[in-house]
Each structure stands twice: as C-alpha cells, then as structure tokens.
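Chemist: Need a 3D model of the following:
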Amino acid sequence: MLLVTKPKLILYYLYNAYLPFYSAPANLHYFTKVATLILDKNNLSSLSGFPVMKTVTTLWFNNNQMNDIVEFMDEINNLYPNITYLTVMNNPASPPLVCISEEDVAASSRYRLYVIYRLPKLQFLDASPVTNEERKEAQSRGQYLAVRKPKQKSSSTMGKPISPTSVGGVFGAL
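Modeler: Presented below is the predicted three-dimensional model:
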C-alpha cells in the first residue's frame, strides 16, 4: 500500500506484505523522496539488499525477525544516515515491551542507550522520545552496552568451539 502526496511519494508503507516485494527491495531506489519507510511485520531479519535512501528519516521495523542489533545499527547508519525516528519493537533483539523484572528494565535501558549512541540524530526510539539525559549517558557509556550472545548452534556445529565470528546480538532478557 502506498500513500501518495503530490508531487512526491513521502511514505512507503509495506505492512505484512511477505513479499514478492522482498525479492526486489532494491527497487525502492526509484522512490527518491521517501521520508518514512514502514516495514512492519514482514519477517525480515535485516535490511540486507535495501538501497541507500538518505531522505528516510523515519523507519518502522516492528514485528520482524531482527536478531543482531549491532549489525542492524550498522545497516541503518549506512542506508539511512538521517534517521530521527526508529521503532523496532517486538523483534528478537529488542527488549520486552513490558518490563516486569529488574533484568528487563536493565536490558531496556542498555538497548536504548546503545541505539541512541549509534544513531546520534535520533529523536524518538520505539514508544518514547529520546531525552537529553539519555543522550548524555549514551555518549559516555553507549559504546560499551551492546550485548551479544552466541547464535544457536546447529547440529553441524555441536561440540565445536565458538569463534568471535560466530556470535550474534540480542538485548532480550540478559
């Protein structure tokens, strides 16, 4: 579904599309004025194959399968360098939506500070604005807050040592 405002397309809305679109995400490069990109509920694990779009300032990536926050931040910085609004709720690498335990609260805080550190222009993350206090703390501690844990072992890697290149990232319950 596309929302068109004349004379340019400013919002590209792809919710629960489950592709054929994904077979050609690079086709987005034809939309040179897109400011908001909504990719909710598409079972995407990354932004691999998507084009650089410097006009995108808002990205919705909720209810997907993103499981490596470090890699995802690298992709956003490369593809959408002017991002100011990001929401990635309900992904494996995102903290729980409802923070019940102290661990959940701590994971949510680490996640927010890390993302704010990686995306310095960010003004809004998930369900809340970025505060000045968060921005200051992210500048001083954010780089140290990415939590990574080993990817699940497949039967072909059972019993083999884990190498530095075989780990992925999550911010769930830590």
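Chemist: Please enumerate the helices of this protein.
Modeler: 69-79, 102-118, 132-141 (DSSP state H).
Chemist: mind listing the strands for this protein?
Modeler: 2-5, 8-13, 36-38, 58-60, 85-87, 124-125, 128-129, 148-150, 167-169 (DSSP state E).
Chemist: In CSV, list the helices of the chain along with mean pLDDT, distance to N42 and mean neighbour count.
Modeler: C-beta coordinates here come from the backbone N, C-alpha and C atoms, glycine included. Output for the helices of the chain, formatted as CSV (pLDDT from 0 to 100; distance: least, CB to CB, whole Å; neighbours: other CB atoms under 10 Å):
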stretch, mean pLDDT, distance to N42, mean neighbour count
helix 69-79, 96, 14, 18
helix 102-118, 90, 20, 19
helix 132-141, 93, 28, 14
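Chemist: that older thread, mean pLDDT lowest where, among the strands of the chain?
Modeler: Mean pLDDT values for the strands of the chain show the minimum at strand 167-169, a mean of 41.
Chemist: E134 is in contact with Y114, isn't it?
Modeler: No - when contacts are counted by CB atoms under 8 Å, E134 is not listed as touching Y114 (11.0 Å).
Chemist: can you count the residues close to P95?
Modeler: 24 (other CB atoms under 10 Å).
Chemist: Give me the spatial nearest neighbour of it, chain neighbours excluded.
Modeler: S108 (4.0 Å; CB to CB, 6 or more residues apart in numbering).
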